[in-house]
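1. have a look; sequence and predicted model below, questions after that.
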Amino acid sequence: MAFDANRADLCVGVIGTGAMGRGIVQVSAAGGMHVLMMDTRPGAADEARDFVAKMLLRAAEKGSMSKADADAATARIRVAQSLAEFKDCHMVVEAIVENLDAKRALFGELEGVVKPDCILATNTSSMSVTTIAAKLKTPQRFAGLHFFNPVPLMKLVEVIDGLLTENWVSEALMVIGKRMTREPVRLTDAPGFLVNQVGRGFTLEASHLVYEGVSNFVDVDRVMRDVCGFRMGPFELMELTGLDVTQPASSLIYNQFFQEPRYRPNLIMQSRYEAGVLGRKSKKGFYNYDAEMKPIIAPEPAAPTAKPASVWVSKAEPQGHEVLTALLTKLGATIESGAKPSAKALIFVTPIGKDATTSAVEEGLDPKRTVAVDTLFPMVKRRTIMGTPLTDAAMKDAAHGLLASDGVPVTVCRDSPGFIAQRIVAMIVNIGCSIAQSRTAQPADIDKAVVLGLNYPNGPLKFGDVAGVERIHQVLATMNSIYADPRYRPNIWMRRRAQLGVSLLTPEP
Ligand code: NAI
């Protein structure tokens, strides 16, 4: 099919003019295309057109476009009263209610209205593109065009090939996406598409570890911000999005993947969702809020002043031994050099994917004096430690006091394979690798989409590269054996790259 996605008079139809539809109208008109829009709620499309006109004017006032361009963009937007008016559109994107029957009914009707080469696209956030297309007479011209909220600010758009989508359709949508000044990323249909799949690693693993009693919401958020560079911790993010969105999306992705354990939801989210404790929108969530909607967070308690007389650092993880010894030397600790710790020494272990207990038992160390330190990530802005269930409080305080003695805060969590950061990052990397393995998207596109769509400091594959592919694989393989839960089984696509010692971003012919 010859489709000219660059034609000057390209007309985009937008059906449903709520939060998403109006954003799509705005970027289409601003991108030089003609727009025809419609909504079944009386007056809604007119309201949306006025809203978009105001937004375009504001953009002109801020200097991001000229007043003439804003006026011209507004003039390109028309409101339709009936579907019949969409007959000359070159493509139509749907942003109506998230309901399969409603979407299928709309596209069924549209098929009888538009020309044979008109592209039909859905902005569904959670349904399979292939499923929506399944009842159409012409599923080959149907694709997903998944924008992010708020559309004008979020540059990413996922262009999704359904099973029967023809290549010209997605190629044209890639061009149109660029004309809308978006960053389109092409992928094949999958539950959660790309970005929402990766997002499960962050929020679900955080919920699982809090559910297990390893840590609390506030500390997990602190660790993920300070240690891994996320702008928001997983619970802060869920507060913002709302559990009425996050929890159903999580359950859906899990079930659409036939209960794949990697995506298993958690009771922490489900019970809050059911109780209506949704986050900022219900003024109560993982955090409580003051009258100005600032989260009420108790300040971190001051670090203990205690210091150990001497420390001994396990060599079981040579890299961990090296970085921790360097840090302890800088902090002025007395470091023992013997093959075994002296009778009074504070014992440090630096496990990758192991808990403190397993480390102590396997290495024949005294569990009462053993404290584990997470050395996988830079220990510059925050450090994480954990003891065994038997570690003396005085030993833990001494470890905390020593590691905080240069003013860097220390988070103490309960014993857990992978501490906090190791296990959350490893899950994100694992999901990124499974997306690459299933050829849902190319490795570079996976990272690009996640950075643009989720604002993560790195895409999942770069996260793996930075921490070390072999070590992320080790976190997962070790957790898998300790938990005996396939949730943690490392992806074989990752394993091969770990074995070969190459970047997760290495292109494969
Ligand atoms: P919304 O509720 O703000 O807007 C939906 C609009 O569609 C309403 O104005 C409604 O009157 C209209 N509508 C419903 N049935 C219609 C029909 N048969 N024909 C014409 N108009 C109809 O919803 P929102 O948030 O804009 O979502 C729209 C779609 O975009 C959904 O499929 C949603 O899953 C998806 N989406 C939403 C995101 C978000 O963050 N809100 C992000 C990405 C996708």
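-> Arrived safely.

2. contacts only, for the closest residue to residue 453 other than its chain neighbours.
-> Distance criterion Cβ to Cβ, 6 or more residues apart in numbering; nearest residue to residue 453, sequence neighbours excluded, is residue 195 at 3.8 Å. C-beta: built from backbone N, CA, C; applies to glycine. Applying Cβ atoms under 8 Å, 6 or more residues apart in numbering to residue 195 gives the contacts 148, 156, 158, 449-450, 453-454.

3. switch to 6 Å and redo it
-> By Cβ atoms under 6 Å, 6 or more residues apart in numbering, the contact list for residue 195 reads 449, 453-454.

4. ok, residue 390 next?
-> Counted by Cβ under 6 Å, 6+ apart, residue 390 has contacts 367-368.

5. name the SS class of it, please.
-> coil (DSSP: H, G, I helix; E, B strand; the rest coil).

6. circling back: for the residue nearest to residue 453, grab phi and psi.
-> Per-residue torsions, residue 195: phi -60, psi -50 (degrees, to the nearest 10).

7. A strand includes residue 13, no?
-> Yes. Counting by three-state DSSP, residue 13 is found in a strand.

8. list the beta-bridge partners for it.
-> The bridge-partner assignment for residue 13, based on DSSP bridges, gives residue 36, residue 92.

9. sec struct for residue 293, please.
-> Residue 293 ends up coil, using three-state DSSP.

10. again, but for residue 159
-> Looking at residue 159 with three-state DSSP, the answer is strand.

11. give me the pLDDT for it.
-> pLDDT recorded at residue 159 is 98.

12. from residue 37, how far out is it?
-> Distance of residue 159 to residue 37, computed by Cβ to Cβ, to the nearest Å: 21 Å.

13. neighbour count winner among the two?
-> The neighbour count for residue 159 versus residue 37, taken as other Cβ atoms under 10 Å, is higher for residue 37 (28 against 25).

14. and the residue of the chain closest to the ligand?
-> Closest to the ligand within the chain is residue 18: 1.8 Å, counting by Cβ to the nearest ligand atom.

15. quick check: phi and psi at the closest residue to that residue other than its chain neighbours.
-> Closest residue in space to residue 18, ignoring its immediate chain neighbours: residue 95 at 6.8 Å, by Cβ to Cβ, 6+ apart. Torsion angles at residue 95 (phi, psi; degrees, to the nearest 10) stand at phi -140, psi 50.

16. got the contact list for residue 95?
-> Residue 95 neighbours (Cβ under 6 Å, 6+ apart): 16, 20-21, 123.

17. how far away is it from residue 150?
-> To residue 150, residue 95 is 13 Å away according to Cβ to Cβ.

18. do the same with residue 262
-> 30 Å.

19. of these two, who's got more company?
-> Between residue 262 and residue 150, residue 262 has the larger neighbour count (other Cβ under 10 Å), namely 21 against 13.

20. check contacts around the residue nearest to that one when sequence neighbours are not counted.
-> Setting aside the residues directly before and after it, residue 262 is nearest to residue 487 in space (Cβ to Cβ, 6+ apart), at 5.8 Å. Counting by Cβ under 6 Å, 6+ apart, residue 487 touches 261-262, 264.

21. quick one: residue 496 is in a helix?
-> Yes. Under three-state DSSP, residue 496 sits within a helix.

22. tell me the pLDDT of it.
-> For residue 496, pLDDT reads 98.

23. and for it, the neighbour number?
-> There are 15 residues near residue 496, going by other Cβ under 10 Å.

24. what's the distance between residue 149 and residue 265?
-> Taking Cβ to Cβ, one finds residue 149 at 22 Å from residue 265.

25. looking at these two, which one has more neighbours?
-> Set side by side, residue 149 and residue 265 show more neighbours around residue 265, with 23 against 12, by other Cβ under 10 Å.

26. from the contacts of residue 95, list the buried ones, please.
-> With neighbours counted by 16 or more other Cβ atoms under 10 Å, the contacts of residue 95 contain buried members at 16, 20-21, 123.

27. is any residue of stretch 101-119 near the ligand?
-> Yes. Interface with the ligand: stretch 101-119 contributes 102, 106 (Cβ under 6 Å from any ligand atom).

28. give the buried residues for that stretch.
-> Within stretch 101-119, the residues that count as buried by 16+ other Cβ under 10 Å are 103-104, 106-107, 110-111, 113-114, 117-119.

29. helices - which of these land there?
-> 103-104, 106-107, 110-111 (DSSP state H).

30. how about these, which pair is most distant?
-> 103 and 111 (12.7 Å; Cβ to Cβ).

31. give me the contact list for stretch 144-152.
-> For stretch 144-152, using Cβ under 6 Å, 6+ apart, the contacting residues are 23-24, 26-27, 93, 121-123, 129, 154, 156-158, 160, 173, 193, 453.

32. so which of those residues also contact the ligand?
-> Among the contacts of stretch 144-152, the ligand is touched by residue 123 when using Cβ under 6 Å from any ligand atom.

33. residue 133 against residue 140, yeah?
-> No. The pair residue 133 / residue 140 is not scored as a contact, 8.6 Å apart, by Cβ atoms under 6 Å.

34. okay, these two: which has more neighbours?
-> The neighbour count for residue 133 versus residue 140, taken as other Cβ under 10 Å, is higher for residue 133 (25 against 16).

35. who's in contact with that one?
-> 139, 142, 162.

36. how much space between it and residue 92?
-> To residue 92, residue 133 is 14 Å away according to Cβ to Cβ.

37. equivalent analysis for residue 11, please.
-> 9 Å.
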